[in-house]
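Asks: No sequence on hand, only this structure:
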């Protein structure tokens, strides 16, 4: 056995395999002087909390410090939003030969549903955007559009897993977990990976979309609510005042200190004591982050906080900005939840569906971009927009405008965090049905996100099941350099 | 050639023309060499060698793996100019000055500084360090050397070694442990206290805390075999199987739903869990335990239990609408190969699915030869693919009668519906007669004719017949005597090596065979049973099972005794307990491992004698605390921070299930009546259910009593974990879990201080204490702490507890009950409660 295998020290390797995160882990995380010192001190356990989420250096200097992933669950239609296909106009109901693969299986022909919204050009770059996004459209000069995205599955369950974990099977960590693992969190009083859900319900596969798979649970996403108590079990029970809780924790510590002395001040025990102090601080920090009263009126209005239609996403976007400001690494917002028209999954009435979801998100997302830019935070915040796949140019059924899923080609976009604005990369065919020029896979998007955070997608590895696992797969993936500043 | 590379080339040529090449290697100072080894080499290795190291992927003809090569340079000329080091190409490149290297992203400032310093100081080099850093790992070969690797050699039983302090040796285990300590001039820690030992025994054997009564009885028992009596009692307790069953469930990725969009429950999956618990409690020999799971349907004696055991194959993920069906089919088989090889053999065979194993002597052919044993298995699917009737003849008859009754009832309703329809059929107008041919249209047509061709009363009757029919169709009698199990296609499929793991690229055809590194080089392929006409299975899994469960298999017994050791001591003799390959951690006590393996097999693969042997040893009875100071007194290089030598007992945090079960137990609410059957559903907070696409779906409601059953009986839904269990690192069931994490994080503190569960349990704790000792504060504190600490509390602790109650009453102005409730909440948060020493 060599001393340094696959880039990991023997110690790291040990605690990832044999020792779990037990004693060996702490001995590894705390440096040796501490180990000796704490063991020697006779009185009072040292309260050093070796926070596994302590900030870590990236592989290289990079523009982005955090990511906001605006997840359009269900799969928005590219040709109705950002992938302008003028030749489709006027061809409604025309039957054409086109290879498609959706929940309805593989087909070789279909009936065109022409784009249901008008497009117009915006900004210096002149990018075409449909009237679904009148506000967001004003930001095209800050946005890089990826029109040639592809995924391995056109089925929600597996495609969601791939967009979040890189794999079509469950069991692997999400990209937010990878970022947490690679970079830690800048603010230990808040979770490093935050997920906000649509009030209509979670996405298909629920927690699998933010769980840490084979990594320890500390890397999984924390559900954050924009109203009420933000995090599970964060609020003290009603009958316990803050002073009462403090008294409880202080007495608890007296017992724990006696115990620690009896056990030679084991660092594991000190760590657990410290984790209670951290929890205590989180009880104050997290509610502060959702205290929107601190925001001036014009900001609240810009996001649409009190707007009936977009109020929820407005709160979430504003909260995302506040979390990023406070050092949270990875924020994921779900637009759409549950099933059918409660998300972007427009199998029935396309017009109704996309009007609803675009209407809920257009103003808040535009405001988020404006706000971040005004605060100088856009350069260090990578924004990514998109769903698990796109939609077909043709109709799913004999009648109606519903479109089936499409993983052969779809649009996502990125902004900020060292991404070049006002450009488009890759194209789909004239129907918008499949990527033709520069097709990109989900793993390329993931590689790009990691790269912008200073993480080398090929070097960010975690040893599990006999393999150096990577978010982008064992074969690695190149980031999309065309969209980098 | 890219524009960048072209510039590099042109620039390089110009520079090299201008300078006189100097290849003389000056002798660098020791400090420079040390700097190179410690700081420079890691940067080069991590950022440069991939493209400027190995011959295979060499870019621009530039190698940076020797000083000579660096000075010689590549297509663009020398990388370093010793005359004008500041202008060296390599420095321009890393500063992104015209050339941009590495292309993945600029190095950090500190890395650039390191390389700059190194170049300007003359490119100090160390051949030895560089050679070690650039050594590539060749794909391992299967040869006699590989076969002689410690884990692949036959188990050799060594005699227990001679030791100086023979009086410490209680079982042969102690001799092995002590010999290693003595060899390092170290001593074993003294025995832990009786209370500590009882607590340790109770958790290690049953996963439950001892009651104050158990503690008093043991402390008071002065007989010589008091300890052994407790060991026997605990090993006979059914809670033993519940606890050790949970260990096995981790290893076979046991879950009760399929994951993916629907994440539907697996029918009758709990029978597998019950089988495991039963098998452990009955001390079923481990070889038989494995045979039943792998081939329970192909054994000489097939029993309901052996059928249930094959549920082993059905515990994994299942995507009911995969985008790529052939790939999904092989994903399912890969899951079985991975689980079987890691769990039963300690091999990461799954790494050889797409190519030869990168580390272990395990070829891609080996992988597909192993897969071939499983190739006849029907993929997971509907009831016909995965369920089998396991009832006796009477049950079978009962089921047949119920089905016949049901069929008759349904036929009768259908007949009556048809009678109404027939009566009206010929009176219908033209268009409707055609439509009436379709079963689905008739109801609609009759609705239109209500009050016309058919009277309202008759139509009502007709509609109610339809309702009866629908109800009946949903009530097809489903036997409860079914098991989730393996089934095979009649004829086994041909197996091909899949190039790069792609089901569309078939390579050579392979036959079922055991991994070649575990076979003599001239071994014949295993004999397979001839295919029998009408037989439901190929008999291949039986062949594999017999080989795995054989006393001569070098891995099976070693891997299992190591797991048993791990669950007693917190870590295996081999720490990487599912990886006995080259990458695994070597055993800290190799001879002990082999001795245990041979003892295990000699005892008929029975686990209980093995447990007894281990827990009655002095090695297991050592205390945790004392030798800590001894460690710190040693010079750091001699110390043993990971306790590889086993000089003391390692402190460990309770597992997720132990934490939950212990809270329920000390608060007086643990329901120990639940011993089998469908799982229970503790309350999951609404906020957590909101993460589901249909909140609450497939999370049923259990009564509070049922919900307070042991955690091994809690439903395991892949996409919805019980928050308390997941916070304390319960196994992720998507793949086998050999070692639990034991993280420390604030979410755990929040769950134990603020959650409804913790606060409700604390309230129930109060009621239970009041019932037991009444209103006296001191008595309550004493009784409460006795339960939580599983020892008699000290005077100081009791005084502190009573003062806490008084302070709450006086200063927080709360009732005595609320004060005690807070104390109970505090108690279940104690480190001593959550850590086992």
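Replies: Noted; the coordinates are in hand. Owing to the predicted nature of the structure, the values given are computational and were not obtained by experimental measurement.
Asks: Which residue would be the closest one in the stretch 101-250 of chain B to chain A?
Replies: residue B:105 (4.3 Å; CB to the nearest CB). Yep, even glycine has a C-beta here, placed from its N, CA and C like the rest.
Asks: Skip the chain neighbours and tell me the closest residue to that residue.
Replies: With CB to CB, 6 or more residues apart in numbering or on different chains as the criterion, residue B:105 has its nearest non-adjacent residue at 4.3 Å, and that residue is residue A:60.
Asks: Surely that neighbour touches residue B:103?
Replies: No - if you go by CB atoms under 8 Å, residue A:60 and residue B:103 don't touch, sitting 11.3 Å apart.
Asks: These two - which one has more neighbours?
Replies: residue A:60 (19 against 14; other CB atoms under 10 Å in any protein chain shown).
Asks: Next, give phi and psi for that one.
Replies: phi -150, psi 160 (degrees, to the nearest 10).
Asks: Where does pLDDT dip in the stretch 1-150 of chain B?
Replies: B:1-26, B:54-57, B:135-139 (pLDDT under 70).
Asks: ok, 90 please
Replies: B:1-35, B:37-39, B:41-69, B:71-78, B:81-84, B:86-87, B:92-93, B:95-111, B:121-122, B:125-141 (pLDDT under 90).
Asks: Would you mind naming what in it lies close to chain A?
Replies: Neighbours of chain A within the stretch 1-150 of chain B, by CB under 8 Å from any CB of the partner chain: B:46, B:104, B:105, B:106, B:107, B:108, B:109, B:111, B:132, B:135.
Asks: I'd assumed residue A:61 was in contact with the fourth one.
Replies: This means residue B:106. Yes - with contact defined as CB under 8 Å, residue B:106 and residue A:61 form a contacting pair (6.1 Å).
Asks: Just want to know which of the two has more residues nearby.
Replies: More crowded of residue B:106 and residue A:61, by other CB under 10 Å: residue B:106, with 18 against 15.
Asks: Let's verify that one: helix, strand, or coil?
Replies: Look at residue B:106: counting by DSSP: H, G, I helix; E, B strand; the rest coil, its state is coil.
Asks: Could you confirm whether the one helix or strand residue B:658 maps to reaches chain A?
Replies: Assigned by DSSP states H and E, residue B:658 belongs to helix B:656-666. No - Helix B:656-666 stays clear of chain A (CB under 8 Å from any CB), getting no nearer than 9.6 Å.
Asks: next structured bit after that helix?
Replies: Next helix or strand after helix B:656-666 toward the C-terminus (DSSP H and E): helix B:686-689.
Asks: So that next one, near chain A or not?
Replies: Yes - Helix B:686-689 reaches chain A (CB under 8 Å from any CB) through B:687, B:688.
Asks: I'd say residue A:406 and residue A:433 touch.
Replies: Yes - with contact defined as CB under 8 Å, residue A:406 counts as touching residue A:433 (6.8 Å).
Asks: Common neighbours of those two, please.
Replies: A:100, A:392 (CB atoms under 8 Å, 6 or more residues apart in numbering or on different chains).
Asks: Relative to chain B, which residue of the stretch 101-250 of chain A is the closest?
Replies: For the stretch 101-250 of chain A, CB to the nearest CB, closest residue to chain B: residue A:171, 3.0 Å.
Asks: Which residues are in contact with that residue?
Replies: Counting by CB under 8 Å, 6+ apart, residue A:171 makes contact with A:213, A:214, B:317, B:732, B:734, B:735.
Asks: mind listing what residue 471 touches?
Replies: Let's take chain A. Residue A:471 neighbours (CB under 8 Å, 6+ apart): A:165, A:166, A:173, A:175, A:178, A:443, A:446, A:450, A:457, A:460.
Asks: and these near chain B, which?
Replies: Of the contacts of residue A:471, not one also sits near chain B (CB under 8 Å from any CB).
Asks: who wins for neighbours among those residues?
Replies: Counting by other CB under 10 Å, top hit in the contacts of residue A:471: residue A:178 with 32 neighbours.
Asks: you'd agree that one is in a strand?
Replies: No - checked against three-state DSSP, residue A:178 lies outside a strand; its state is helix.
Asks: contacting residues around it?
Replies: A:219, A:450, A:455, A:460, A:471.
Asks: And the pLDDT for the last one?
Replies: Residue A:471 carries a pLDDT score of 97 in this model.
Asks: Okay, it and residue A:174: tell me how far apart.
Replies: Counting by CB to CB, to the nearest Å, the gap from residue A:471 to residue A:174 is 9 Å.
Asks: likewise the second one?
Replies: Shown here: residue A:450 relative to residue A:174, a distance of 13 Å by CB to CB.
Asks: where do the strands sit along the stretch 651-800 of chain B?
Replies: B:652-653 (DSSP state E, counting those that start in this stretch).
Asks: Nearest to chain A: which residue in it?
Replies: For the stretch 651-800 of chain B, CB to the nearest CB, closest residue to chain A: residue B:734, 3.0 Å.
Asks: Could you check how many residues crowd around that residue?
Replies: Neighbours of residue B:734 using other CB under 10 Å come to 21.
Asks: what's the helix or strand for the residue nearest to it when sequence neighbours are not counted?
Replies: Excluding the flanking residues, the one nearest residue B:734 by CB to CB, 6+ apart is residue A:171, at 3.0 Å. If you go by DSSP H and E, residue A:171 is not part of any helix or strand.
Asks: And for residue B:391?
Replies: Counting by DSSP H and E, residue B:391 is found in no helix or strand.
Asks: wait, what's in contact with it?
Replies: Taking CB under 8 Å, 6+ apart as the test, what residue B:391 contacts is B:304, B:398, B:399, B:479, B:481.
Asks: and what of residue A:110?
Replies: Applying CB under 8 Å, 6+ apart, the residues near residue A:110 are A:95, A:96, A:98, A:100, A:392, A:393, A:394, A:395.
Asks: Bridged to the first one, which residues?
Replies: Think residue A:95. Beta-bridge partners recorded for residue A:95 (DSSP bridges): residue A:111.
Asks: count of neighbours near it?
Replies: What residue A:95 shows, counting by other CB under 10 Å, is a neighbour count of 11.
Asks: Name the residues of stretch B:171-191 that are buried.
Replies: Counting neighbours by 16 or more other CB atoms under 10 Å in any protein chain shown, one finds that the buried residues in stretch B:171-191 are B:171-182, B:186-189, B:191.
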